[in-house]
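Student: structure of the sequence below:
(one chain, ligands or ions: 1)
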Amino acid sequence: MLKLLLLLAAVIGGLWWFARAGRRPRSSASPAEAMARCEYCNVHVPDSEAVRSDDHTFCSDEHRRAAGY
Ligand SMILES: [Zn+2]
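Tutor: Next up is the predicted model:
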């Protein structure tokens with residue numbers, strides 16, 4: 001009887017976990033945005049926040065200037 005209860009708890013727990021895991025991506029504010037890498041410090045920033053100069057990508061205007069672009 002105890003084994004049956006444990007099994008039931010495991011099944012419910014598993015279903016709850018799957019429901020939670022499945023819901024998470026849809027509830028997040030920005031779905032998997034492309035990342036850009038700063039050429040100066042190698043930090044990855046969201047594509048929309050990246051600073052660009054010709055073909056060069058930076059995390060901030062400060063690093064764009066620091067790199068000489
Ligand atoms: Zn940077």
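Student: next, the residue most central in space within the chain: secondary structure please.
Tutor: Centroid check for the chain by CA atoms, centre = their mean gives residue 32 as the closest residue, at 6.1 Å. Following DSSP: H, G, I helix; E, B strand; the rest coil, we place residue 32 in the coil state.
Student: distance of it relative to residue 46?
Tutor: Spatial separation of residue 32 from residue 46 under the definition CB to CB, to the nearest Å is 10 Å. Heads up, the C-betas are built off the backbone N, CA and C, glycines and all.
Student: pretty sure residue 66 contacts residue 51?
Tutor: No. Look at residue 66 against residue 51 with CB atoms under 8 Å: they stay out of range, at 11.3 Å.
Student: need the phi and psi values for residue 57.
Tutor: Taking degrees, to the nearest 10, you get phi -120, psi 140 for the backbone angles of residue 57.
Student: measure stretch 39-46 end to end?
Tutor: End-to-end distance of stretch 39-46 (CA to CA, to the nearest Å): 14 Å.
Student: quick check: residue 14 is in a helix.
Tutor: Yes. With three-state DSSP as the criterion, residue 14 is assigned to a helix.
Student: pLDDT score for it?
Tutor: Residue 14 is assigned 86 on the pLDDT scale.
Student: name the residues of this protein found near the ion, please.
Tutor: 38, 40-41, 59, 63 (CB under 5 Å from the ion).
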